[in-house]
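K.L.:
I'd like to go over a predicted model; first the sequence, then the structure.
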Amino acid sequence: MTEIGSQAKVDSLRHPVATGHPPQLAVIVPSFNERGNIELLYEKLAIALGATAWEMIVVDDNSPDGTAAVVNEMSRVYANVRCIRRFGRRGLSSACVEGMAATSAPYVAVIDADLQHDEAILPQMLEKALAGADLVVGTRFAGEGSAATGLSATRLSGSRLATKMAAMIAGQPISDPMSGFFLVRRDIFENVAPKLANDGFKILIDLIVTSARSGKPLQIAEVPYTFRPRHAGESKMNPLIVIQYLGLWASKLSGGILPPSFLLFGLVGVTGVVVHMATLGLFTYSLGANFVISQIAATMVAMTWNFWLNNNLTYADRRLHGRKLVFGLIGFYAICALGGIANISVASGIYNLDHQTFAAGLAGAVMSSVFNYAVTRAFTWK
């Protein structure tokens, strides 16, 4: 661990938490490969929060760069630092949920480890919560807030588009529903925690929408800040996060009837149909194979494609590796075969009733999709 300033150490040892006072505020820091940022973040939080009784809970997704080891070493010096190290689970939303559930503090804040969020506004955020706000959002898009220095032009445009989409389902005015920087009363979180999606990277919009649809819309306040460039490490933004956000957005738009993972599973299935038909054409027309051989090959290729895409997209937080990957693929083949039987059985039964080909085929397809999703979620990616 790099040396932290001696004054910060002295201040930490005199901290109210170190002398037996329970924390008033828990700062949850989801992390993955943030070794180069975590100590500096603590120092900045200590300066910003001063005499407030607070604790920092780092929820680390088993970072290969040793972030958890750094935090554990810090916790031997600072009484208000804890680490939750997760194995076999990944994802910002689920990390935030686990961190918030692990504290007794009446107020919890979520902040990124990369120092892009301005920790100096936390006292203002806490003040607004103490004055009656259920949720206080650090906003980049209201008042003097800005995201221009922390995002490229492309990412800024994408962020604004995602914000407009989020506003469609938020159900109440909020300038930055995509913010990953917010403070909420713990009892508010606990009321909706069982209903929050574990998939994805945007918990704030989920918290707002789920609370509203539970009949308890939140009193929201905002504090503007300037979004800063990342201090160290690499950005976690990638196409996977975008797709997962779209899945969450579509799920909330449907009223939560369909979980995000089912929508992603269905999207993967659609791409599998394209792969199936392309493979069928390749074997039939380019290689001259007979239809039965071509159909078998196309089915195997499509199932393999679906398994690979689901493993890396739908269930990225439960991704299989090594031997589990091999056994998972074999199991996926078996489950999809059973799903095919369910498809044919349901479709045949409906067709025999009224001879409506399209309706029967659609019912069979839906049946096999639901079957495959439910069983693979329970056994393949459990």
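P.N.:
Yep, it's here. Note that this is a predicted model, so its numbers are computed, not measured. Numbers count the residues shown, from 1 in each chain.
K.L.:
max-length helix in this protein?
P.N.:
helix 322-354 (DSSP state H).
K.L.:
Val29 is in what secondary structure piece?
P.N.:
Secondary structure from DSSP states H and E places Val29 in strand 25-31.
K.L.:
check which strands are paired with that strand and give the direction for each one.
P.N.:
Each strand that pairs with strand 25-31, with its direction, by DSSP bridges: strand 54-60 (parallel), strand 107-110 (parallel).
K.L.:
quick check, Leu183 in a strand?
P.N.:
Yes: looking at Leu183 with DSSP: H, G, I helix; E, B strand; the rest coil, it is inside a strand.
K.L.:
that one contacts Gln124, correct?
P.N.:
No: using CB atoms under 8 Å, Leu183 makes no contact with Gln124, being 9.7 Å away. C-beta coordinates here come from the backbone N, C-alpha and C atoms, glycine included.
K.L.:
from the middle of its chain, how far away would stretch 281-289 be?
P.N.:
Stretch 281-289 sits 42 Å away from the centroid of its parent chain (CA atoms, centre = their mean, to the nearest Å).
K.L.:
got the end-to-end distance for it?
P.N.:
Stretch 281-289 has an end-to-end distance of 10 Å (criterion: CA to CA, to the nearest Å).
K.L.:
residues in contact with it?
P.N.:
Contacts to stretch 281-289, defined as CB atoms under 8 Å, 6 or more residues apart in numbering, come from residues Phe291, Ile293, Ser294, Ala297, Ala298.
K.L.:
repeat that with 6 Å
P.N.:
Ser294, Ala297 (CB atoms under 6 Å, 6 or more residues apart in numbering).
K.L.:
buried set for it?
P.N.:
Phe283, Thr284, Ala289 (16 or more other CB atoms under 10 Å).
K.L.:
how about a markdown table for the residues you listed, with secondary structure added?
P.N.:
As requested, the buried residues of stretch 281-289 are arranged in a markdown table below (three-state DSSP):
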| residue | secondary structure |
| --- | --- |
| Phe283 | helix |
| Thr284 | helix |
| Ala289 | coil |
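K.L.:
now the protein, which segments are flagged as low pLDDT?
P.N.:
1-20, 90, 143-171, 198-202, 230-258, 317, 342-344, 346-348, 351, 354-367 (pLDDT under 70).
K.L.:
domain ranges for it?
P.N.:
Domain assignment for the chain by automatic domain parsing gives 6-234, 260-380.
K.L.:
deepest-packed of those, please.
P.N.:
domain 6-234 (a mean of 19; mean count of other CB atoms under 10 Å).
K.L.:
that one: how far from the chain's middle?
P.N.:
14 Å.
K.L.:
what do you get for stretch 375-382?
P.N.:
Taking mean C-alpha positions (CA atoms, centre = their mean), stretch 375-382 and its chain are 19 Å apart.
K.L.:
which stretch of helix or strand covers the most far-flung residue of the chain relative to its centre?
P.N.:
The centre of the chain is farthest from one residue, Gly288, which by CA atoms, centre = their mean lies 45.8 Å away. For Gly288, there is no host helix or strand (DSSP H and E).
K.L.:
straight-line length of stretch 211-229, end to end?
P.N.:
Terminal-residue distance, stretch 211-229 (CA to CA): 32 Å.
K.L.:
ok, for Phe283, nearest residue in space, not its chain neighbours?
P.N.:
Ser294 (3.7 Å; CB to CB, 6 or more residues apart in numbering).
K.L.:
one more: Ser104?
P.N.:
Ser104 sits nearest to Pro22 (CB to CB, 6+ apart), 6.5 Å away.
K.L.:
so that neighbour lies in a helix, does it not?
P.N.:
No: Pro22 is assigned coil when assessed by three-state DSSP, not a helix.
K.L.:
and the gap between it and Gly88?
P.N.:
Using CB to CB, to the nearest Å, one gets 32 Å for the distance from Pro22 to Gly88.
K.L.:
list of residues touching the helix or strand encompassing Met303?
P.N.:
Per DSSP H and E, Met303 falls inside helix 291-309. For helix 291-309, contacts defined as CB under 6 Å, 6+ apart pick out Val268, Gly272, Val275, His276, Thr279, Leu280, Phe283, Thr284, Leu329, Phe332, Tyr333, Cys336.
K.L.:
how about 7 Å then?
P.N.:
With CB atoms under 7 Å, 6 or more residues apart in numbering as the test, helix 291-309 has contacts from 268-269, 271-272, 275-276, 279-280, 283-284, 329, 332-333, 336.
K.L.:
any idea which of these is closest to Glu98?
P.N.:
Val268 (26.7 Å; CB to CB).
K.L.:
in the chain, which spans are helices?
P.N.:
Going by DSSP H, the chain shows helices at 6-13, 38-49, 67-75, 92-101, 122-130, 153-170, 186-192, 203-213, 239-253, 260-281, 291-309, 322-354, 357-375.
K.L.:
quick check: Ser369 touching Gly269?
P.N.:
Yes: contact criterion CB atoms under 7 Å: Ser369 and Gly269 qualify, at 6.1 Å.
K.L.:
how about the backbone phi and psi for the nearest residue to Leu218 once chain neighbours are set aside?
P.N.:
Closest residue in space to Leu218, ignoring its immediate chain neighbours: Asp134 at 4.2 Å, by CB to CB, 6+ apart. Per-residue torsions, Asp134: phi -80, psi -40 (degrees, to the nearest 10).
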